[in-house]
Each structure stands twice: as structure tokens, then as C-alpha cells.
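K.L.:
Need coordinates for the below:
(2 chains)
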There are 2 protein chains.
Amino acid sequence: MREIRAILWGIGSMGAGIGRDLLQNKQGVSIVGAIDTDPNKIRKDLGTVLGTGEKIGVTVSDDPDSVLKQQADIVFLSTSSFTREVFPCLEKIIASKKNVITTAEEMADPSASEQELAVTIDLLAREHGVTVLGTGVNPGFVLDSLIITLSGACQTVERIKASRVNDLSPFGPTVMKTQGVGATPEEFYKGVQDGNIVGHIGFKESLSLIARALGWELDRVEESKEPIISKVLRTTEHVRIEAGNVAGCKHIARGFMGAREVITLEHPQQVHPHLENVETGDYITIEGTPTISWRDENEIPGGIGTIAVAVNMLPHVINATPGLKTMLDLPMVSAHTGDLRKKIYKLD
Amino acid sequence: MREIRAILWGIGSMGAGIGRDLLQNKQGVSIVGAIDTDPNKIRKDLGTVLGTGEKIGVTVSDDPDSVLKQQADIVFLSTSSFTREVFPCLEKIIASKKNVITTAEEMADPSASEQELAVTIDLLAREHGVTVLGTGVNPGFVLDSLIITLSGACQTVERIKASRVNDLSPFGPTVMKTQGVGATPEEFYKGVQDGNIVGHIGFKESLSLIARALGWELDRVEESKEPIISKVLRTTEHVRIEAGNVAGCKHIARGFMGAREVITLEHPQQVHPHLENVETGDYITIEGTPTISWRDENEIPGGIGTIAVAVNMLPHVINATPGLKTMLDLPMVSAHTGDLRKKIYKLD
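P.N.:
Alright, predicted model coming up:
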């Protein structure tokens, strides 16, 4: 069987991570093209850009049309968080008859925020015989797929509460800004109002996936973003937070059926949570018959987790029937330690 | 859309639990037939047998052929743990063109112990256009599906260790005997040698599912059964264990690649573990990139869990392409709180 051929569109931290995972950890797959707009990356060999130590004979291009002219089985699209922003890329990829896995958060369930675009993407994908999936660690895994899977051992479910408590310290200046890290409380509230402080992107999608899996029809979804005020000085390479200022954003989403809050998802994200004895971790409680309460010892790391989930869904996406899919439609994700082609029924 | 029609074959504790879950917790599904050999159950109304308080107009029959003559979408088969023993039932069900979900432990992956029968079942199912799935809480969920799903956030996996520590106290005399509870250490070792003390049934299947999902080819599988010797008196309704005698069976399965033990599954089962400060629970550690370590606060209960997983897979089994399936082939399990038909693409 020939190798699986992949194209990377977007070589930021997620796209580059996907590239390195494919090259270093996976067998049976080769990268045949790479697209980015960064002048520091274009016209360079992808191996150089990824820092994997050797050239791989693929030159990063800023011309999607020429890259997409070649044959490939899958495009990993990691350019934006929003369905509306990735849609023009999806159109090109689908028209070139390639499957897509995208880490765009809204694409984990585009019907949640962009009902019409979701229908269009599904129709286009069916028309051209390809599969489109949005996934990542969250949305896509911790606060939806894992919850849904755990609920599988329940006869009834009354209520779901889950929390992902993580440490933002490794992230760069963009994340610090969009989470309000280092702001004064006043700046934080203003930033939330302006839309500059966005917190977590993906709650609507996770709520939608959980509700659909469980057969719930949510009447209302509420989100709130509160500043995590630091009592101590916290510093990272990119930010300095004086006591009294904002160490992060406590973003909460709630799904209601009538007056009843049936899903509560919390995602407090901050730098150096341990400085105030906050334990990081992922916590899931499903109240029902039986009540199931799971937790991990450290949170599943966001960057590695997103890269892993996206790459690990590759065989399922290639095997799938055409159309727009969510994690609910495909077989369960798993790690792949051997040749990825063993999991694929058919290549051409 | 018409209701989903289900038949119960086997109304022991699992089959009866499935019946009660369908009647009491699920919508859009009706039970149209029931098969059992117990003279105390046959010729009685199923509602009476299930103790749900009202008659439902289905008489328990000991004649499978007559019950299978009527139309139905699914048969829940809960008569035995072993593929060889359920095979004649499967032949009849498949020939009558009905899908099957069975709680027979070996059927979670029949290829692990009965390669030839697995091929035969798959061929028969394809020939008659129906889907066959074996599942339950374990095998089927805790020590395979959950592990596999969690590994989905890993780029690499070196080793898997998982443990399901539970409490056998609620179970009856059959389970006490097959786990060696109440035996002297000498009787325990003799029982293991004779094959009368079997411990957990399903390790081979769980190891096989994990290895296949991760792309591992196991060179060797080892199982060991050790007595859990009680230091104190432990009693249940059905058994009395003097200090120095056996409170349960510590059953361990190990999967090797070459000399390397890559999967270790432990399932110590005993009555009243808390009397010696043993905490029950399910523990999963996946050593890799990243290492993921999850646990719950109480173990997912065996009986309810098996019933829930079996019933919750109903929509996926009806939606599936024909053939013998495992949990790896179908979309992720989830609870269903609404009308089951909402999850089904097509009924006839």
C-alpha cells in the first residue's frame, strides 16, 4: 500500500506540532505540501521550519492553489479558531477532493455557531466525496468526547459538571492578551465587553456535542468570564502580574433545559496556579444512574493534546463516508503507535 | 417513525436489567419478545418477571424459534459468557435477520479466543444484513474502551497500566464460587487448576482490543490468579470468610511485545474490601507523550454499567453496516436520555 499523503495548511504552533508528530512519531504517512503566509517560513524547506533537523524536500508555499493541485489524502488546517475564517480554505480543499482535519475550535461542531455554513460545508463535502472533521483537545476531547464516553455507562443522566483547570504559563503574548492575563480588573471587564478578552473558544461546541449525544435539547446557553485576581506577584517570560491584577480568566458555560442547569463546564485558565495552591487537572462528574466521577492527576496538556487528537483521527477520517463529521459520528479516537495504514481500509 | 422492537434472550440479572432499563428509562423502544429456560419465568408476563409492576403483554417463552419468527430490530442476548456457548443462539438470531447485542464477555472481541467462530459470525451477519456486537462494562468499557479513548490524546504510548478494584459483596453464590470467595488457600489454588475458579472473563478480549486500536502486535499474553487472603472475618448474605481464607481473586493480565510488558490490567475482586482499607475504583495510566493518569472515586458498578453500555449501543448497532463489530468499529458510546429513535438514521 502506498503512503498516506498529508498537506499542512498553517504552520503555527498547532500546524507545526502536527507536522513534527507525523514526521517523528508516525509511520506510513508523508507530508507532500505545506502552506503558510509567514514571510519567515515561505520558500524554506518544511524540515527547517519544523526544526526537525533535516530537510524533507517540501518547500513552504504561500500559494494554496498550487499546493492543492497535487494529490493528497488529507489536509491539516490550522489557521484560525473560527468557522467563518476557515471556510474559504475549506472550500478550496474540498474542491481539490481532499479530506480535512482542522483544529479550528468552532469546527468541532460548526452547527453550534454557524448553522448555515455547516450545512454548506456538509453539502460540498458530500458532493466532492470527502470528509471534514474539526477536533482538538478542547473542544473535541476533554470537555465533550470524554464526558460523552463516560456517560455511556449510565442508564440515566440528570446533570453534568466538568472542569478543566490548567496552567497558561507556557503560552505566548497572544494567549496572555486574549485571556486578559496581566490586566487590571477594570481592563479585564472592559476587554470582555469589547470582545478582546475571549477566554476559551469552544464551549458552545462542547455543549452542543454533549446535548446531541445525550438526546437533550438545550433551551438556553449562558457563558460568563470572570477575572482570576492574583493575591501574589506572578511572572512569566511574557507577562508580569502584580498582586491585585488578573492572573487569568475563569470562563464558565452553562446549558439549561427550562430552568434546570443540566450542563456546567468550567475552564479557569491562569498562569502559575500553584502559587495560590490551585491544583490543575480535568474533572468530570456525571450525576445519574450511576453517578460517575473521574479526574486526572494533571490536566491533559492543551498543545500536545490537540496535536495528538487531530493526528490520531486521521485513519477514521480517511475511512469515513463523505460529509461534515463531528467526533460523535466517527469511531473512538485512539493513539496509533504503528503504521497508520494498518487502520485504513483503502487508499484509492 | 415506528418504535424500535427489541427481544430479550436470557432474563438473568443482565437480561432482566436490560429489560427494566428499556421499559423504565428509555423511550421509542418496546420489548416484543422474551426467551428464557427457567421454569419459574416461562409462560409468565415479562412485566411480572422483571418486577416492573405492570404486565406488558409479552409472555416469556422457552421456544426461541417461535419468538424469533416475529419482526424485531434487535435481540439482547445474555445467556452465557462464552462465544462457543452463544454461537447457536447467534446463528438463529442472525438467520432471522435481527441485529444482536450480547453481554457474553468473549464476544467483546471473539477473535481473541475463537478466531474461526469470529470469522463465521462475521460472514453470517454480512450475508443476512445484520450487525453483531458484544459489549458490557468490562470487557467493553472500563479496561478497554476508556483506555483506548484516553490514549487518543497521546502522540506516543510506551506502556499501559490499569486496575479495576471492586467489591463483590452484592453478588450471589455463583460469583462467589467462580471467584473462590470463602475457599481456603489450598482450595483456591486447586480451583484455579481445575478451571472452577475463573476470576474475570474478558482480559484476553480487552488486551486484544487495546492492542489493535494502538497498532501493537502482542507476542504473548499471560494471566495470573492469586488469592486475596483475608486478615479479618468477612461475611455477606451468601458467604462467610474466616481470617486466613480467601476474600477474592486478584486476577492480572499482561501483554508483551518481545520481553517488554506493554499492557498490565489488574482486576482484584473481593467482598468488603473496605474492611482492610482497600479503596475501590478504576485507575488508568497511559505512559507516553503525554502520560495520562485518570481515576474515578468509586468503581463504575459492574451490573448497572454492563446494562447501560449494552442498551446505549443500540442506536449505533442499528445504524451500523452489517457484520461482526467491536466497540472499536462503532461511534463512541453515550447515555441516551431522550427518544432512542432520534439517534437512528432509518428504521426499515
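
K.L.:
what about residue A:136, is that helix, strand or coil?
P.N.:
Under the three-state scheme (DSSP: H, G, I helix; E, B strand; the rest coil), the conformation of residue A:136 reads as coil.

K.L.:
Spatially, what comes nearest to it if we skip its sequence neighbours?
P.N.:
Counting by C-beta to C-beta, 6 or more residues apart in numbering or on different chains, residue A:136 lies nearest to residue A:306, which is 3.8 Å off, once chain neighbours are set aside. For glycine as for every other residue, the C-beta is placed from the backbone atoms N, C-alpha and C.

K.L.:
cool, residue A:325 as well?
P.N.:
Across the structure, with C-beta to C-beta, 6+ apart as the measure, the residue nearest residue A:325 apart from its sequence neighbours is residue A:133 (4.9 Å).

K.L.:
again with residue A:7
P.N.:
Leaving aside its sequence neighbours, residue A:7 sits nearest to residue A:33 (C-beta to C-beta, 6+ apart; 4.0 Å).

K.L.:
That neighbour: what secondary structure?
P.N.:
Recorded secondary structure, residue A:33: strand (three-state DSSP).

K.L.:
What is the burial count for it?
P.N.:
Residues lying near residue A:33 (other C-beta atoms under 10 Å in any protein chain shown) number 23.

K.L.:
Same check on residue A:329?
P.N.:
Counted by other C-beta under 10 Å, the residues lying close to residue A:329 total 16.

K.L.:
For the nearest residue to it once chain neighbours are set aside, give me its contacts.
P.N.:
Computed as C-beta to C-beta, 6+ apart, the closest residue to residue A:329 that is not its neighbour in sequence is residue B:331, at 6.1 Å. Taking C-beta atoms under 8 Å, 6 or more residues apart in numbering or on different chains as the contact definition, residue B:331 lies against A:328, A:329, A:330, A:331, A:332, B:316.

K.L.:
what would the residues you listed look like in a markdown table with distance to residue A:65?
P.N.:
Shown next, in a markdown table, are those (distance: C-beta to C-beta, whole Å):
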| residue | distance to residue A:65 |
| --- | --- |
| A:328 | 33 |
| A:329 | 30 |
| A:330 | 29 |
| A:331 | 33 |
| A:332 | 36 |
| B:316 | 40 |
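
K.L.:
out of those residues, which are inside strands?
P.N.:
Among the contacts of residue B:331, no residue falls in strands (DSSP state E).

K.L.:
which SSE is the residue of the stretch 1-150 of chain A found nearest chain B in?
P.N.:
With distances taken as C-beta to the nearest C-beta, the stretch 1-150 of chain A approaches chain B most closely at residue A:148, which sits 4.5 Å away. Residue A:148 belongs to helix A:145-151 when elements are defined using DSSP states H and E.

K.L.:
next one: residue A:181
P.N.:
When secondary structure is defined using DSSP H and E, no element contains residue A:181, which sits outside every helix and strand.

K.L.:
ok, it - contacts?
P.N.:
Contacts of residue A:181 by C-beta under 8 Å, 6+ apart are A:168, A:175, A:239, A:241, A:246, A:247, A:248, A:249, A:270, A:271.
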